[in-house]
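[1] sequence first, then the predicted structure:
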Amino acid sequence: MTFLAIDVGNTRLKWALYDAHRPGAALIAHGAEFLDHIDRLAESSWAQLPVPTRMLGCVVAGDAAKRRVQEQMEQMVRWDVEPQWVVSSAEEAGLTNGYDHPSRLGSDRWVAMVGARHHVLARGPARPLVVVMVGTAVTVECIDVDGKFLGGLILPGHGIMLRALETGTAGLHVPTGEVRPFPTNTSDALTSGGTYAIAGAVERMYQHLLQHSGQEPACIMTGGAGWKMAPSMTRPFELVDNLIFDGLLEIASRRFGA
Ligand SMILES: Nc1ncnc2c1ncn2[C@@H]1O[C@H](COP(=O)(O)OP(=O)(O)O)[C@@H](O)[C@H]1O
Ligand SMILES: CC(C)(COP(=O)(O)O)[C@@H](O)C(=O)NCCC(=O)O
Ligand SMILES: [K+]
């Protein structure tokens with residue numbers, strides 16, 4: 001009973017094939033493609049793959065991207081698997097959704113929160129939780145000790161911040177710099193500005209959650225650019241590579257049964 005997990009973000013599609021649709025399943029193969037390259041998945045990365053029995057994904061890159069992924073799945077002659085996509089809901093896998101309109105919450109955020117909550121529960125008692133996802137955009141979610149998603153921030157990721165500054169000013173066209181406490185050149189000033197904007201926003205949410213719960217939150221970070229942020233955080237953050245896949249496994253085990 002192989003399981004294909006797919007996460008279509010605004011920059012890249014990430015996929016992973018597991019030997020079962022349950023938490024802790026063994027990873028058989030995985031990969032990532034920029035969205036422009038979705039249309040060659042069938043003839044490249046997926047060509048030699050064992051046939052998936054079930055599939056579950058999350059997509060925030062729009063309906064056209066979703067259709068292109070489904071087209072690739074249809075092109076796989078030996079595959080006979082129905083594409084299923086997570087939609088954020090009021091409740092899922094022990095998590096409750098405090099969003100004003102639960103279905104408007106990005107499904108990648110919802111799935112990552114499911115993964116993070118179960119990551120904490122697998123290690124000990126429930127704790128309040130800050131989940132940071134550093135992708136095209138950055139999201140910072142707060143979950144209370146009972147598993148209620150209280151709310152979260154959306155801010156621009158590194159790339160968007162730099163592009164916004166480049167296009168919005170006359171004099172900011174410089175190579176990527178280093179993160180410095182006291183930047184003394186334009187490159188370092190831009191790179192440090194972006195990094196500390198994110199770190200500062202996260203710190204603020206940590207404080208909100210600490211104040212709300214009266215208990216130190218656990219902190220988990222994920223996403224393609226998470227490793228860039230890790231050294232600049234003000235609190236100890238656990239960097240988890242595959243939080244979205246962990247969430248998809250958790251949801252799949254409930255949805256598809258044993
Ligand atoms: N090898 C890489 N390929 C692409 N983007 C990368 C890579 N390493 C880090 N990044 C950064 O990660 C971001 C994309 O992360 P990702 O989690 O794939 O985003 P999304 O889920 O929004 O598609 C990019 O904005 C880029 O800054
Ligand atoms: C916030 C996001 C753009 C993040 O996308 P990503 O950086 O993962 O590509 C995405 O989760 C989204 O489109 N959300 C819908 C709006 C919301 O969550 O409120
Ligand atoms: K994402």
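    Thanks, I have the structure now. If you're wondering where the values come from, they're calculated on a predicted model, not measured in any experiment. Numbering: from 1, shown residues only. Ligands and ions are numbered 1, 2, ... in the order given.

[2] which neighbouring elements make contact with the longest helix anywhere in the chain?
    Once the chain is assigned using DSSP state H, the helix that runs over the most residues is helix 186-213. Contact here means 3 or more Cβ pairs under 8 Å, 6 or more residues apart in numbering; DSSP states H and E; on that basis helix 186-213 packs against strand 129-134, strand 137-143, strand 148-156, helix 158-168, helix 226-229. C-beta coordinates here come from the backbone N, C-alpha and C atoms, glycine included.

[3] in this protein, what residue is nearest ligand 3?
    Distances between the chain and ligand 3 by Cβ to the ion are smallest at G9, namely 3.5 Å.

[4] how near is the closest residue to T176 other than its chain neighbours to ligand 1?
    Closest residue in space to T176, ignoring its immediate chain neighbours: T191 at 5.8 Å, by Cβ to Cβ, 6 or more residues apart in numbering. For T191, the distance to ligand 1 (Cβ to the nearest ligand atom, to the nearest Å) stands at 12 Å.

[5] can you get me a residue count around T191?
    T191 is surrounded by 22 other residues when neighbours are defined as other Cβ atoms under 10 Å.

[6] can you check E178 too?
    E178 has 11 neighbouring residues, counting by other Cβ under 10 Å.

[7] okay, domains of the chain per the record?
    With domains defined by automatic domain parsing, the chain comprises 3-85, 91-247.

[8] endpoints of the longest one, how far apart?
    What that stands for is domain 91-247. Domain 91-247 has an end-to-end distance of 14 Å (criterion: Cα to Cα, to the nearest Å).

[9] need the pLDDT of N242.
    Here, the pLDDT recorded for N242 equals 89.

[10] now P83
    With respect to pLDDT, P83 has a value of 98.

[11] which SSE is the closest residue to it other than its chain neighbours in?
    Nearest-residue entry for P83: Q70, 5.0 Å, with adjacent residues in sequence omitted and distances by Cβ to Cβ, 6+ apart. With the criterion set as DSSP states H and E, the secondary-structure element containing Q70 is helix 63-75.

[12] and that helix, how far from the chain's centre?
    In this view, helix 63-75 has its centroid 20 Å away from the chain centroid, taken as Cα atoms, centre = their mean, to the nearest Å.

[13] re earlier: now the longest helix of the chain: buried residues?
    188-192, 194-196, 198-199, 201-203, 205-206, 208-210, 213 (16 or more other Cβ atoms under 10 Å).

[14] most proximal residue of this structure with respect to ligand 2?
    Taking Cβ to the nearest ligand atom as the measure, the chain has G106 as its residue closest to ligand 2, at 2.1 Å.

[15] pLDDT of stretch 153-167, averaged?
    Mean pLDDT, stretch 153-167: 94.

[16] any part of it near ligand 3?
    No - when contact is scored as Cβ under 5 Å from the ion, no part of stretch 153-167 falls within range of ligand 3; the minimum is 10.0 Å.

[17] nearest residue to G31 in space, please, no chain neighbours.
    Nearest residue to G31, sequence neighbours excluded (Cβ to Cβ, 6+ apart): S45, at 4.6 Å.

[18] spell out which parts of the chain neighbour ligand 1.
    9-12, 135-136, 157-159, 223-225 (Cβ under 6 Å from any ligand atom).

[19] got a ChimeraX select line for the buried ones in these?
    What follows is the ChimeraX syntax selecting those of the residues of the chain next to ligand 1 that are buried according to 16+ other Cβ under 10 Å:
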select :9,10,11,12,135,136,157,158,223,224,225
